[in-house]
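Colleague: Sequence first, then the predicted structure:
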Amino acid sequence: MNSGVAMTAMSLGPAYNRLWLATALSNLGDGIRAAALPMLATSITSDPVLVSGVIVAGQSPWLLFGLFAGAVVDRHDQRRLTIVVDVARVLLLLVLIAGLALDVAGIALVYAVAFACGVGETLRDSATATLLPPLVSEADLDRANGGLVNAEVAGNELVGPQIGTFLFGVAMVLPFAVNGGTLAVAAALIFSLPNVFAPKAPPSGGKRQIWADTRAGLRWLVRHRRLRALAALGGTFALVDSAWFAILVLYVDEVLGLPYWAYGTLLTAGSVGGLAGGFFAARVTRLVGSTAVLAGCLVSAAAGQLMLALTTSVPVAAAGLVITSGAFGVWAVAARTLRQRLTPPELLGRVSSAWLTIVMGAVPLGAGIGGLVGRGWGVTAPILVGVPVLAMCALVCFRTFRGHDDPA
């Protein structure tokens, strides 16, 4: 960090607080929209394929554009780019609200909004990953990342979907209006950040240069032994986690024998575990070191899944969910902090977008594998299969990162 940035970046000071609040509001809006769009689709059509297509439309931009998002981020002022993306999404939501008000909103408009907002997320999430390092000291990156991860988990998983469901029940346009409001305030907060996000590369050269920049970022990531391994481990972790999470609602019914409303309660318990993981991640990492933390997260997740697979007890299953979600929360903070410390600032956008593309791409793949395994061998099979995979990942992680706790 250069001296000019260091003077501006007071550790966890007002600038970080504004970034945290912007992150919380943006992710709250994402959670509200994620719950409301499928509900809106069901009000238009009862075709399961068309309804599920909303999720596909929202997630596919990561697979189509995720790698290129980082090259765009690295060549532009990240603060301005984030503001432009948020304002564009506000305008998209206004179009949807107008369509609903005029009773002309069809499934095509729902898909278009889901897809365009998904494209915006690839850019915004990649840009947000580069906003933090200039605003806090390097020693406080883990603590600052813990706060951001908690804001993301709370907004996307714990609070946003519940609010979105409630608001949709009150009035169909309400969740999208609230989502637009949260994004507008988030954009204003990002605008208020210090002007320390100048582009690391000149924004010229067109599409060919974007391709060249993307390839350069990928080559750097592939050649960096520790980050390459961490990206692969993170993708595997996400794949294994999504494999059983995709059929958790069936597990609640068939294995635990609970009504469907209990599914939401167990999801809340898991989200609380994720929040706890994000809160304690920095303290645990400083106490035992990043190698032990990363390997320990994988072992803990394996233990939590084993508890889920071998029990019919609701308290034990809830504890297993808390453990696995907590491990994922700690992993998210530790891995993100290590990535920020080991990646040169001029490459951080591209490396972050490649990382996110791997993880986001692993989620639908894992969900598909989990569904096939569950159909063939029962709903506990995807949970149990992941246990030895995570154990092997923990061994690889320990061997790869042993002796490298000092990020310098």
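Modeller: Perfect, thanks for sending it. Predicted model only: the values in this text are computed from it and were never measured. Residues are numbered from 1 along each chain as shown.
Colleague: Going by C-alpha atoms from here, please, whenever you check contacts or count neighbours.
Modeller: Noted.
Colleague: Could you point out which residue ranges in the stretch 301-408 of the chain have low pLDDT?
Modeller: Scanning the stretch 301-408 of the chain with the threshold set as pLDDT under 70 gives 403-408.
Colleague: cool, and the stretch 1-150 of the chain?
Modeller: Ranges of the stretch 1-150 of the chain meeting pLDDT under 70: 1-11, 48.
Colleague: could you redo the last one with a cut-off of 50?
Modeller: 1-11 (pLDDT under 50).
Colleague: do the same with the stretch 151-300 of the chain
Modeller: Applying pLDDT under 50 to the stretch 151-300 of the chain flags no residue at all.
Colleague: give me that answer again for 90
Modeller: Applying pLDDT under 90 to the stretch 151-300 of the chain picks out residues 151-166, 168-170, 194-219, 221-226, 242-254, 257-283, 285-291.
Colleague: so who does the residue nearest to the spatial centre of the chain touch?
Modeller: In the chain, the residue lying closest to the centroid (Cα atoms, centre = their mean) is Glu152, at 7.2 Å. Going by Cα atoms under 8 Å, 6 or more residues apart in numbering, Glu152 touches Thr23, Ala24, Asn27, Leu28.
Colleague: now the helix or strand encompassing Asp213, how far from the chain's geometric center?
Modeller: Per DSSP states H and E: Asp213 is located in helix 206-223. Chain-centre distance of helix 206-223: 23 Å, with Cα atoms, centre = their mean, to the nearest Å.
Colleague: Show me what secondary structure element comes after that helix.
Modeller: Sequence order places helix 225-245 as the next helix or strand after helix 206-223, per DSSP H and E.
Colleague: Could you list the buried residues of that following helix?
Modeller: If you call a residue buried by 16 or more other Cα atoms under 10 Å, then helix 225-245 has these buried ones: 226-245.
Colleague: How about stretch 99-112?
Modeller: Burial within stretch 99-112, assessed by neighbour count using 16+ other Cα under 10 Å, is assigned to Gly99, Ala105, Gly106, Ile107, Leu109, Val110, Tyr111, Ala112.
Colleague: where does the third one sit relative to Ala41, distance-wise?
Modeller: When Cα to Cα, to the nearest Å is applied, the distance between Gly106 and Ala41 equals 8 Å.
Colleague: what's the answer for the fourth one, then?
Modeller: For Ile107, the distance to Ala41 equals 6 Å [Cα to Cα].
Colleague: Overlap in contacts, the two.
Modeller: Both Ile107 and Ala41 are contacted by Leu50, under the criterion Cα under 8 Å, 6+ apart.
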